[in-house]
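1. Let's see this in three dimensions:
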Amino acid sequence: QVQLVESGGALVQPGGSLRLSCVASGSAFSSYAMSWYRQAPGEERELVARIYTTGSTVIYPDSVKGRFTISRDNVKNTVYLQMNSVRSEDTAVYYCNAFRYTTNYWGQGTQVTVSS
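-> Next up, the predicted model:
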């Protein structure tokens, strides 16, 4: 069993930066691929970034590529999402996800609002 707790969501101005954190409890954190997803009102949940177990492989959709960076610390059981040059369309609830084989775990989400 893995429990995920996100933090760092806030109100930020367009063009600003924000860092989200997700701390995992339980064992074998390093064996999970970790992802950030987001869901805006009325929209489907979408993948924002994924990092595999050693951190050497990362995936981003075109919408955030070059602006967002995912990283992980397997000693601290934490995954981060550095968000730079944020836009109004980045406004959403951001969720942390851990998956391994067919097992998925989700955090409760943290709100990011981009507005002037």
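2. OK, contacts around the most centrally placed residue in the chain?
-> Nearest residue to the geometric centre of the chain (CA atoms, centre = their mean): residue 36, 2.7 Å. Residues near residue 36 by CB atoms under 8 Å, 6 or more residues apart in numbering: 20, 22, 47-50, 70, 79, 81, 94-97. (C-beta placed from N, C-alpha, C; glycine too.)
3. What separation do you get for residue 76 and residue 21?
-> 9 Å (CB to CB, to the nearest Å).
4. Those two: which is more packed in?
-> residue 21 (17 against 12; other CB atoms under 10 Å).
5. How many neighbouring residues does residue 93 have?
-> Look at residue 93: counted by other CB under 10 Å, it has 18 neighbours.
6. Specify the local secondary structure of it.
-> strand (DSSP: H, G, I helix; E, B strand; the rest coil).
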